[in-house]
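A.B. asks: Starting from these lines, generate the structure:
(4 chains)
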There are 2 protein chains.
Amino acid sequence: MKSTNLYKGSLVTIILKLLNEHDKMYGYEITQKVKEITKNELQLTEGALYPALHKLKAKGLLDVEISRIGNRVRKYYRLTEAGTKETVDKLAELESYIKNMRALVNPKFRGE
Amino acid sequence: MKSTNLYKGSLVTIILKLLNEHDKMYGYEITQKVKEITKNELQLTEGALYPALHKLKAKGLLDVEISRIGNRVRKYYRLTEAGTKETVDKLAELESYIKNMRALVNPKFRGE
DNA sequence: TTATTATGCATAATTTTCTTATATATTACT
DNA sequence: AGTAATATATAAGAAAATTATGCATAATAA
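C.D. replies: This next block holds a predicted model:
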């Protein structure tokens, strides 16, 4: 992530969730979607994104479909069944993390 | 962090916030406080905690006060003025991060 | 009384996950 | 013609953890 360089470990969750929502996406599209949703506050770096996509593919969580737009190559990624399951887990993990951080940082949120 | 090994970068925020709240604390006390607040869901590892404390000290964000309880050594840390300022920044950063993650992960939270 | 658990700090080696920099190529805009 | 946007990729390095040790004191359980 760029500009606000924050909280390593959340990139995979972002990728999985966006793919879960949009069926298939290519790398550059993901970077633009993140910029759009976060109003430029979060910017994915290619150096993090592409290796992450390759790793998710290698783990069997994503499938790739190569497409050509004119002479330009695009690689569309989509969730496999295992990827969909992993998405559920990662989202639960994120909610749990946010809940814990809120409790730590805001005494109001403690002990509910 | 242990068990839920998640979101590198938030340890410093946790330390600063707890010190902001409790005036002075020692390392082990911080680990126990985090376990207590998060009901054992987050556990700090010493291998992360102590180097982080030393680094914050080196940066001038913390002061140390060595105390002896019987024959056992304790190192109490407290925020410096710069540390208090940094705490404000880190907390704002966390809120911003949570806001962005919520928007990414939950379409309901987009565009407000 | 002796072994285990809890308290308390610390560092080294390794791993994970980023950033930064670089590379290449196509297409659109000025 | 030159720059910006589109599109993917990898290598080098930094940051921030985990894991594995190590040492020592105090309290508790067997």
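
A.B. asks: Need the pLDDT of A:E112.
C.D. replies: With respect to pLDDT, A:E112 scores 56.

A.B. asks: Report the buried residues of stretch A:62-71.
C.D. replies: Residues of stretch A:62-71 classed as buried: A:L62 (neighbour count, 16 or more other CB atoms under 10 Å in any protein chain shown). Glycine gets a C-beta too; all of them are placed from N, C-alpha and C.

A.B. asks: For that stretch, output the C-alpha coordinates as PDB.
C.D. replies: What follows is stretch A:62-71, C-alpha atoms only, in PDB (Å, rounded to 0.1, in the frame of the first residue of the first chain):
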ATOM      1  CA  LEU A  62      -7.800 -18.000  -7.600                       C
ATOM      2  CA  ASP A  63      -8.200 -19.000 -11.200                       C
ATOM      3  CA  VAL A  64      -6.700 -17.000 -14.100                       C
ATOM      4  CA  GLU A  65      -8.100 -16.200 -17.500                       C
ATOM      5  CA  ILE A  66      -5.900 -14.500 -19.900                       C
ATOM      6  CA  SER A  67      -7.600 -12.100 -22.200                       C
ATOM      7  CA  ARG A  68      -6.400  -9.800 -25.000                       C
ATOM      8  CA  ILE A  69      -7.800  -6.300 -25.500                       C
ATOM      9  CA  GLY A  70      -6.300  -5.300 -28.800                       C
ATOM     10  CA  ASN A  71      -2.600  -6.100 -28.300                       C
END
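
A.B. asks: what helices or strands is the helix or strand containing A:K75 leaning on?
C.D. replies: Here A:K75, judged by DSSP states H and E, is contained in strand A:72-79. For strand A:72-79, the elements it packs on are helix A:11-22, strand A:25-26, helix A:27-37, helix A:46-58, strand A:62-69, judged by 3 or more CB pairs under 8 Å, 6 or more residues apart in numbering or on different chains; DSSP states H and E.

A.B. asks: Quick one: mean pLDDT for it?
C.D. replies: 97.

A.B. asks: Return the distance of that strand from the chain's centre.
C.D. replies: In terms of CA atoms, centre = their mean, to the nearest Å, the gap separating the centre of strand A:72-79 from the centre of its chain is 15 Å.

A.B. asks: now stretch A:46-54
C.D. replies: Per CA atoms, centre = their mean, the centroid offset for stretch A:46-54 relative to its chain is 11 Å.

A.B. asks: what comes into contact with it?
C.D. replies: With contact meaning CB atoms under 8 Å, 6 or more residues apart in numbering or on different chains, stretch A:46-54 is reached by A:1, A:11-12, A:15, A:27, A:30-31, A:62, A:75, A:77.

A.B. asks: per-residue pLDDT, A:F109?
C.D. replies: For A:F109, pLDDT reads 85.
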